[in-house]
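Undergrad: have a look at this prediction, sequence included:
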Amino acid sequence: MNNRIVAMEYTRGLAMLGVVAIHTGSMVLLDPAANPQLVALLEIVSRFSVPIFFFISAFSLFRQYPLEQPLDLQRFYKRRFFRVLLPYVAGSILYMLHYSWLTGDWSIWFPILVYQFFFFGMGCYQLYFLVILLWFYALMPLWRSWVRQILRQPLLWLGLLLVAQIAFNYYSSYRLKPNLANFYLNLGIEYRMSWWPLHYVFLFLLGGLVATRFEQAFALLQKHVRLLGVLLLASLAAMLAHYYFLIGPRGYTLVQAVNTVHQLSPAGVLYSVFASLFLLVRFSQPLPLLLKQILSVAGKYSYSIFWLHPFFLHYLHEAVRSLGWRLGVAVTAVLYLSTILVSLATAILWQTIRSKQKC
């Protein structure tokens with residue numbers, strides 16, 4: 001097979017649509033009378049969306065830089081600098097300027113806060129993903145070494161790593177507290193979700209492993225696709241059961257429940273893993289034409305949508321509020337679709353302008 005796996009493009013597109021859904025759900029949660037079922041759809045069902053990007057990123061990297069070939073680190077890091085690090089710094093500054101202009105709050109530019117904003121991706125709520133991704137890039141020689149080790153006994157190592165990942169994420173999410181004497185160490189622990197790549201190591205290594213032994217891995221996954229589908233639904237059912245248990249018998253607010261049942265919870269880790277593997281197989285099979293077109297376009301422009309959608313979501317939400325509309329199912333659907341369409345249209349327009357300038 002060639003290096004371009006269409007299923008990965010479709011999965012990237014679905015994941016980006018899921019990310020916008022999660023951030024739209026954050027707007028819905030601002031309403032004290034928010035619909036619990038709508039929140040479950042936006043904040044629980046879509047929860048695989050961020051982790052699966054680490055699977056996709058590793059898959060792409062290990063296809064582009066095969067283990068059988070030496071890795072030119074200087075060229076690798078230079079490419080990541082211009083494609084990710086530089087846009088991250090520039091984008092953070094623009095989002096911070098927008099926030100200060102909007103609120104009149106310029107305190108975020110004080111030295112210690114600048115450190116926090118840039119190191120933990122606080123310029124805008126989606127930017128932490130790039131911080132974690134940059135850590136994965138920085139440690140690429142380590143991941144290549146680990147994948148080589150896993151290839152010796154893949155089932156054994158994957159089983160051990162999955163158990164370790166679930167245990168580590170559980171401890172980090174529900175037990176670890178920033179109570180050290182050093183201020184900066186406490187800060188690093190407090191914002192650990194925004195920069196610790198350890199939370200997603202299993203998915204990253206799994207993506208690298210599948211890419212490295214793609215034909216064998218795909219044949220195995222295709223053989224067990226029904227089991228993958230069952231496990232995917234079972235892990236999602238576990239997340240939803242936990243969510244409804246918290247907002248029911250336990251009396252949690254919707255915000256508290258969503259902050260508890262997330263992608264780093266035990267069921268959330270399994271949901272992300274099974275979604276990554278199932279979608280790779282399912283999206284390699286024939287799909288309805290309209291669905292293919294939607295996923296293909298969303299995948300092609302996913303990086304642009306990633307950057308643009310928080311800006312448009314904010315102003316579209318402000319427009320909804322100014323009209324006095326509550327974020328029920330219909331209004332939320334319009335807000336969600338409008339955010340995607342405006343972000344996509346802006347991305348296409350920008351690419352068209354750039355293409356004409358190059359001509």
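TA: Okay, I see it.
Undergrad: wait, doesn't residue 17 sit right on residue 297?
TA: No. With contact defined as CB atoms under 8 Å, residue 17 does not count as touching residue 297 (10.5 Å). C-beta here means a position set from N, CA and C on the backbone, and glycine is covered the same way.
Undergrad: tell me which of the two has more neighbours.
TA: Per other CB atoms under 10 Å, whichever of residue 17 and residue 297 has more neighbours is residue 17, with 19 against 16.
Undergrad: which SSE is the residue nearest to the more buried one when sequence neighbours are not counted in?
TA: Closest residue to residue 17 apart from its sequence neighbours, by CB to CB, 6 or more residues apart in numbering: residue 298 at 5.6 Å. Using DSSP states H and E, residue 298 falls within helix 289-300.
Undergrad: which helices and strands sit right next to that helix?
TA: helix 6-28, helix 329-358 (3 or more CB pairs under 8 Å, 6 or more residues apart in numbering; DSSP states H and E).
Undergrad: average pLDDT across that helix?
TA: Predicted confidence along helix 289-300 averages 96 (mean pLDDT).
Undergrad: what about the closest residue to residue 180 other than its chain neighbours, which helix or strand?
TA: Excluding the flanking residues, the one nearest residue 180 by CB to CB, 6+ apart is residue 186, at 5.3 Å. Per DSSP H and E: residue 186 is located in helix 183-190.
Undergrad: which residues touch the next helix or strand after that helix?
TA: Where DSSP H and E defines the elements, the next helix or strand beyond helix 183-190 is helix 201-212. The contact list for helix 201-212, computed with CB atoms under 8 Å, 6 or more residues apart in numbering, reads 51-52, 54-63, 66-67, 136, 143-144, 146-147, 150-151, 154, 158, 161-162, 164-165, 197, 217-218, 269, 272-273, 276-277, 280.
Undergrad: which stretches of the chain have low pLDDT?
TA: 1-3, 358-359 (pLDDT under 70).
Undergrad: repeat the analysis, applying 50 as the threshold.
TA: Across the chain, the ranges flagged by pLDDT under 50 are 1-2.
Undergrad: can you pull up the most central residue in it?
TA: For the chain, the residue nearest the mean C-alpha position is residue 50 (1.6 Å; CA atoms, centre = their mean).
Undergrad: other SSEs contacting the helix or strand hosting it?
TA: Secondary structure from DSSP H and E places residue 50 in helix 49-64. Using 3+ CB pairs under 8 Å, 6+ apart as the contact test, the elements touching helix 49-64 are helix 6-28, helix 128-138, helix 140-152, helix 201-212, helix 266-282.
Undergrad: tabulate the helices and strands packed on helix 289-300 (TSV), appending distance to residue 307.
TA: What follows is these, written out as TSV (distance: least, CB to CB, whole Å):
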stretch	distance to residue 307
helix 6-28	11
helix 329-358	9
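Undergrad: deepest of those helices, which one?
TA: Highest mean neighbour count among the helices and strands packed on helix 289-300 (mean count of other CB atoms under 10 Å): helix 6-28, with a mean of 22.
Undergrad: compute the inter-axis angle for that helix and helix 289-300.
TA: Per axes from the mean of the first three to the mean of the last three CA atoms, to 10 degrees, the angle that helix 6-28 makes with helix 289-300 is 80 degrees.
Undergrad: which ones are touching residue 302?
TA: Residue 302 makes contact with 12-13, 15-16 under the criterion CB under 8 Å, 6+ apart.
Undergrad: swap in 7 Å and give it another go.
TA: Contacts for residue 302 were tallied using CB atoms under 7 Å, 6 or more residues apart in numbering; they are 12-13, 16.
Undergrad: out of those residues, who's nearest residue 101?
TA: Checking the contacts of residue 302 against residue 101 with CB to CB, the nearest one is residue 16 at 27.2 Å.
Undergrad: show me the contacts for that closest one.
TA: 298, 302, 305-306.
Undergrad: tally of neighbours for residue 184?
TA: Neighbours of residue 184 (other CB under 10 Å): 10.
Undergrad: check the gap between it and residue 107 for me.
TA: Residue 184 is 19 Å from residue 107, where distance means CB to CB, to the nearest Å.
Undergrad: repeat for residue 169
TA: Residue 169 is 33 Å from residue 107, by CB to CB.
Undergrad: neighbour count winner among these two?
TA: The residue with more neighbours, out of residue 169 and residue 107, is residue 169; 23 against 8, by other CB under 10 Å.
Undergrad: for the nearest residue to that one once chain neighbours are set aside, which three-state class applies?
TA: Of all residues not flanking residue 169 in the chain, residue 264 sits nearest, at 4.2 Å (CB to CB, 6+ apart). Judged by DSSP: H, G, I helix; E, B strand; the rest coil, the three-state class of residue 264 is coil.
Undergrad: circling back to that earlier point, Serialize the helices and strands packed on helix 49-64 to CSV and add fields for distance to residue 241.
TA: What follows is these, written out as CSV (distance: least, CB to CB, whole Å):
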stretch, distance to residue 241
helix 6-28, 19
helix 128-138, 28
helix 140-152, 32
helix 201-212, 23
helix 266-282, 9
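Undergrad: can you tell which of these is closest to residue 234?
TA: Closest among the helices and strands packed on helix 49-64, once you apply CB to CB, is helix 266-282, at 8.3 Å.
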